[in-house]
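Asker: Pasted the sequence and its predicted model underneath.
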Amino acid sequence: MVASVSGHEHGGPPGLRSVLARHHDFRRLFTGNSISLLGSSVTTVALPLTAVVQLHASPAQMGYLGAATLLPHLVLGLPAGVWVDRMPYRRVLVIADLVRVPLLAAIPVLAMAGWLRMWQLYVVAAAVGVGGLFESVAAQSFIPRLVPRRQLLPANSVLMLSNATVATTGSASGGMIVALLGGPAALFVDALSFLAAGIWKARIRDSGAVSAPPRERRLWRDVLEGTRAVLGHDIIRAVTVAATVGALAGQLQAVVMVLYLVRDLGLSSGLIGVVIAVGGAAGILGAALASPITRRLGPGPTFIAGMFLSSVSGVTIAMADRPRHFVWVLAVLVAGQILYGVGPSLFGVNQQTFRQALIAPELLSRANATWRFLIYGMQPLGALLGGMLATMLSLQGTLMAGSALMLAGTGIAALSPLRSLRELP
């Protein structure tokens, strides 16, 4: 798949494979990022299973565990960009990986000793979330240092392709590891993955130090500068507002999706797994096609097209409820999942490229942190809103309401300068 979009051989934009071959430091970042993502996919399965099987967690406790992973983005999302800005990116990446090693490795040790408690899982989940926040901000800000500006799109595409592939295969691998070793022992595998990822990233030759004129440093003034960099630029503002509305709508749909598949459609666990896997495979396809589609349509129209496909996916899945023939249900769900997988890849690659290409390097980490604060800050609100709508309307109606809200975000993007943006300014 990567080879099929490898780009032009002579003078054209470099493709996914060539950007890895030409830039050794970027390849080291890509490899380390892929390893840590694979480990994180194991944690996504192993941590909640440890809570349920080992500690017999209640539904409320599982909710607290899920909230603990998002809490760092809400509490530290804005200042994280300032703190990342004050250190070399390579150092932030390595520290973010290595501090997670003893945290995750402590879980199986505590479990074997019989000392494991839920509050310890909350602490580990929150701390691992902090590491993930700093790693993401630093990595997204580091990429423009490691590849030339004209190669940002294929660089982001290859990272998105890796993310989609790992998300699709990693959870399945995590399930098998948990089945073989148990939840706590599987977390030790994740700890080893972060150790390996930190070693790979330490081999990056560019330290990633941002050179900026010396001045008095004040936390909230620096935070406001990053926020202005996002909201003060016409293109970045349109992208951010549209993505924020999309994140709210996406989480609104996510909290009712499994309930809809089980209660309204009566699907078995095996079929639900197949449907979810289709969405993951479509995400891989979308990431592979993001670069050539963007070169053909332009970054602005591709971003809008990705938002639109994501919006239509919820309506499509909601249509599976009638008629209730198995073939119809499965066909509609597969179509909806393909839209759900391809759409985010198209707009996700481009929104990251916009920030990297249009925001000054000394402001980039703060701008990335502002973006993560807004996007991840909307997700808990979307989850609450989804639960309320499902209670007042129906599961099917909630899916359609989420699509309508996401279409509003698409409209914001379509009415902005993005609609005519055929190439980066």
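Answerer: Great, that's in hand.

Asker: excluding its backbone neighbours, what's nearest Thr244?
Answerer: Leu374 (4.8 Å; CB to CB, 6 or more residues apart in numbering). The way it works is simple: take the backbone N, C-alpha and C, and place the C-beta from them, glycine included.

Asker: and the one you found, how many neighbours does it have?
Answerer: 21 (other CB atoms under 10 Å).

Asker: Same check on the one 4 residues further on?
Answerer: Residues within reach of Met378, counting by other CB under 10 Å, total 21.

Asker: and if you look at Ser403?
Answerer: Neighbour count of Ser403, defined by other CB under 10 Å: 22.

Asker: Not counting its neighbours along the chain, what's nearest it?
Answerer: Gly314 (3.6 Å).

Asker: which residues does the one you found contact?
Answerer: Taking CB atoms under 8 Å, 6 or more residues apart in numbering, we find Gly314 in contact with Ala249, Gln253, Gly336, Tyr340, Leu399, Met400, Gly402, Ser403, Met406.

Asker: The last one against Gln251, yeah?
Answerer: No: contact status for Met406 versus Gln251: not in contact, 10.9 Å apart, counting by CB atoms under 8 Å.

Asker: Looking at the two now, which is surrounded by more residues?
Answerer: Met406 (28 against 21).

Asker: which residues sit in contact with Ala408?
Answerer: Contacts of Ala408 by CB under 8 Å, 6+ apart are Val245.

Asker: Do I have it right that Asn163 meets Ala287?
Answerer: Yes: using CB under 8 Å, Asn163 and Ala287 qualify as a contacting pair, with a distance of 7.4 Å.

Asker: Who has more neighbours out of these two?
Answerer: Applying other CB under 10 Å to Asn163 and Ala287 shows that Ala287 carries more neighbours, namely 30 against 19.

Asker: ok, then the element right after the helix or strand that one falls within?
Answerer: Assigning secondary structure by DSSP states H and E places Ala287 in helix 269-297. Remark: after helix 269-297, the chain's next helix or strand is helix 299-318, criterion DSSP H and E.

Asker: can you pull out the helices in the stretch 1-150 of the chain?
Answerer: 16-22, 24-49, 59-85, 89-98, 100-113, 118-146 (DSSP state H, counting those that start in this stretch).

Asker: For Trp220, which of the ones you listed is the nearest?
Answerer: helix 59-85 (8.2 Å; CB to CB).

Asker: any idea of the angle that closest one forms with helix 118-146?
Answerer: Counting by axes from the mean of the first three to the mean of the last three CA atoms, to 10 degrees, helix 59-85 lies at 30 degrees to helix 118-146.

Asker: Identify the residues contacting Leu364.
Answerer: Gln140, Ser141, Pro144, Arg355, Gln356.

Asker: let's see 7 Å
Answerer: Neighbour list for Leu364: Ser141, Arg355, Gln356 [criterion: CB atoms under 7 Å, 6 or more residues apart in numbering].

Asker: What about these, which one has the most neighbours?
Answerer: Ser141 (27 neighbours).

Asker: re earlier: and the least confident of the contacts of Gly314?
Answerer: Ranked by pLDDT, those bottom out at Gln253, which has 85.

Asker: which SSE is Ala167 in?
Answerer: helix 152-181.

Asker: Show me what that helix is packed up against.
Answerer: helix 16-22, helix 24-49, helix 118-146, helix 183-202, helix 269-297, helix 326-358 (3 or more CB pairs under 7 Å, 6 or more residues apart in numbering; DSSP states H and E).

Asker: List the buried residues of the third one.
Answerer: If you call a residue buried by 16 or more other CB atoms under 10 Å, then helix 118-146 has these buried ones: 118, 120-122, 124-146.

Asker: so Ala96 touches Gly131, yeah?
Answerer: Yes: here Ala96 lies in contact with Gly131, judged by CB atoms under 7 Å, at a distance of 4.5 Å.

Asker: Can you name the residues in contact with stretch 416-425?
Answerer: Counting by CB under 7 Å, 6+ apart, Asp234, Ile235, Ala238, Val239, Gly298, Pro299, Gly300, Pro301, Phe303, Ile304, Ala357, Leu358 sit against stretch 416-425.

Asker: redo that, cut-off 6 Å
Answerer: By CB atoms under 6 Å, 6 or more residues apart in numbering, the residues outside stretch 416-425 that reach it are Asp234, Ile235, Ala238, Gly298, Pro299, Gly300, Phe303, Ala357.

Asker: quick one: contacts for the fourth one?
Answerer: Shown in contact with Gly298 (CB under 6 Å, 6+ apart): Leu421, Arg422.

Asker: again, 7 Å this time
Answerer: Leu421, Arg422, Glu423.

Asker: try the second one
Answerer: If a contact means CB under 7 Å, 6+ apart, then Ile235 has Phe354, Leu358, Pro417, Leu418, Leu421 as its contacts.

Asker: Turn the residues you listed into CSV, columns for neighbour count.
Answerer: Output for the contacts of Ile235, formatted as CSV (neighbours: other CB atoms under 10 Å):
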residue, neighbour count
Phe354, 25
Leu358, 17
Pro417, 13
Leu418, 24
Leu421, 20
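
Asker: In contact with Ile317: list those residues for me.
Answerer: Going by CB under 7 Å, 6+ apart, Ile317 touches Leu333, Gly336, Leu399.

Asker: Looking at those, spot the one nearest Gly283.
Answerer: If you rank the contacts of Ile317 by distance to Gly283 using CB to CB, Gly336 comes first, at 13.5 Å.

Asker: Neighbours of the closest one, how many?
Answerer: Gly336: 24 neighbours (other CB under 10 Å).

Asker: Surely it touches Val312?
Answerer: No: with contact defined as CB under 7 Å, Gly336 does not count as touching Val312 (8.3 Å).

Asker: how is the chain carved up into domains?
Answerer: The chain breaks down by automatic domain parsing into domains covering 22-150+170-211, 219-425.
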